[in-house]
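**Q** Okay, here's the prediction I keep looking at, along with the sequence it came from:
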Amino acid sequence: MKPNAVLGLATGSTPQLLYRELVRMKLKWSRVKTFNIDEYVGLSEGHPQSFHSFMWENLFRHIKIPARNIRIPDGNAKNVEKFCGTYEKQIRAAGGIDLQVLGIGANGHIGFNEPMSSLASRTRIKTLAQQTIRDNARFFGSRSKVPRHVITMGIGTIMEARQIVLLAFGVKKSQAVAGAIEGPIAARHPASALQLHPHVTICLDDAAAAKLEFASYYRDTFQHKPVWQQ
Ligand code: PGA
């Protein structure tokens, strides 16, 4: 609907189907700009588990998007602080992110903003939580091969996107999802910051929704839409 949209993109198992669907839709990408949310520090871009590789394999090699329109944090930046400041400026120069796609970690992280990240944080280097290292070991074959550091947009950066779509599937995400939607807003559960965002859509399967206390109320709101939305 917006040919020059600025998209914030995420990686991991969660958005893979979304990207497959976007490819299938045969959209026009020539004026779209993308900013990925995070990248491991120290992996070469060509490493099979780098988020550069992920995005290339799952989306970019299947669509016609000019390479100059693609931004992914540089996990090998010599001056990380400078790089992160530039990344923030590039997002602003592009007019800000129209639509940010998010997954959620089992520990409630969004991007790689681990629990106790400042809710006002900007793009910066982070140390991964042990739980995230355990969760992502499946991609690397063993825990010891998972990088310890990442560059990630901050929660403050994410919150500036005009619209956010968070996807979560499977029972492993149910606790994190409940905390994000119904828990108190707290740095110990980074995704809870989204409660303060004016335009978030959360897409769940039944398993990921299983721990929502107010699920029947949410279903009601879909079934009984006000007349002006019917
Ligand atoms: P996953 O990761 O999609 O691989 O479950 C989500 C996340 O850690 O944000």
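**A** That came in fine, so what should we check first? Numbering: from 1, shown residues only.
**Q** residues contacting Ile181?
**A** Gln195, Ile202, Leu212 (Cβ atoms under 8 Å, 6 or more residues apart in numbering). In short, each C-beta sits where N, CA and C put it, glycine included.
**Q** Where does it sit, in terms of helix or strand?
**A** Using DSSP states H and E, the element containing Ile181 is helix 174-182.
**Q** Just the buried ones from the contacts of Ile181?
**A** Ile202, Leu212 (16 or more other Cβ atoms under 10 Å).
**Q** Which single one of the contacts of Ile181 is nearest to Gly85?
**A** Checking these against Gly85 with Cβ to Cβ, the nearest one is Gln195 at 28.2 Å.
**Q** Could you verify my assumption that that closest one touches Ile185?
**A** Yes: at 5.4 Å, Gln195 and Ile185 qualify as touching, with contact defined as Cβ atoms under 8 Å.
**Q** Could you check how far the helix holding Ile181 is from the centre of its chain?
**A** 16 Å (Cα atoms, centre = their mean, to the nearest Å).
**Q** residues contacting the spatially most central residue of the chain?
**A** Centroid-nearest residue in the chain, with Cα atoms, centre = their mean: Leu102, separated by 2.9 Å. Contact analysis of Leu102 by Cβ under 8 Å, 6+ apart lists Ala10, Ile37, Ile110, Gly111, Ile158, Ile164, Val165, Leu166, Leu167, Ala191.
**Q** which ones are touching the fourth one?
**A** Same thing as Gly111. Ala10, Ile37, Asp38, Leu102, Thr152, Met153, Gly154, Ile155, Ile158.
**Q** Neighbour-wise, give me the winner out of the residues you listed.
**A** Most neighbours among the contacts of Gly111, by other Cβ atoms under 10 Å: Met153, with 30 neighbours.
**Q** any low-confidence regions in this structure?
**A** Filtered on pLDDT under 70, the chain yields the residue ranges 230.
**Q** how about 90 then?
**A** Filtered on pLDDT under 90, the chain yields the residue ranges 1, 221-230.
**Q** what's the span of stretch 204-222, first residue to last?
**A** End-to-end distance of stretch 204-222 (Cα to Cα, to the nearest Å): 14 Å.
**Q** anything in that stretch near the ligand?
**A** No: in terms of Cβ under 6 Å from any ligand atom, no part of stretch 204-222 sits within range of the ligand; the closest distance is 10.4 Å.
**Q** Need the contact partners of that stretch.
**A** Under Cβ under 8 Å, 6+ apart, the answer for stretch 204-222 is Leu167, Ala168, Phe169, Gly170, Val171, Lys173, Ser174, Gln175, Val177, Ala178, Ile181, Glu182.
**Q** tell me the angle whichever helix or strand comes after the helix holding Ile181 makes with helix 174-182.
**A** Using DSSP H and E, the helix or strand that follows helix 174-182 in sequence is strand 200-204. With axes from the mean of the first three to the mean of the last three Cα atoms, to 10 degrees defining the directions, strand 200-204 sits at 150 degrees from helix 174-182.
**Q** Get me the contact residues on the chain for the ligand.
**A** Near the ligand, when you scan the chain using Cβ under 6 Å from any ligand atom, you find Gly12, Ser13, Thr14, Gly103, Ile104, Gly105, His109.
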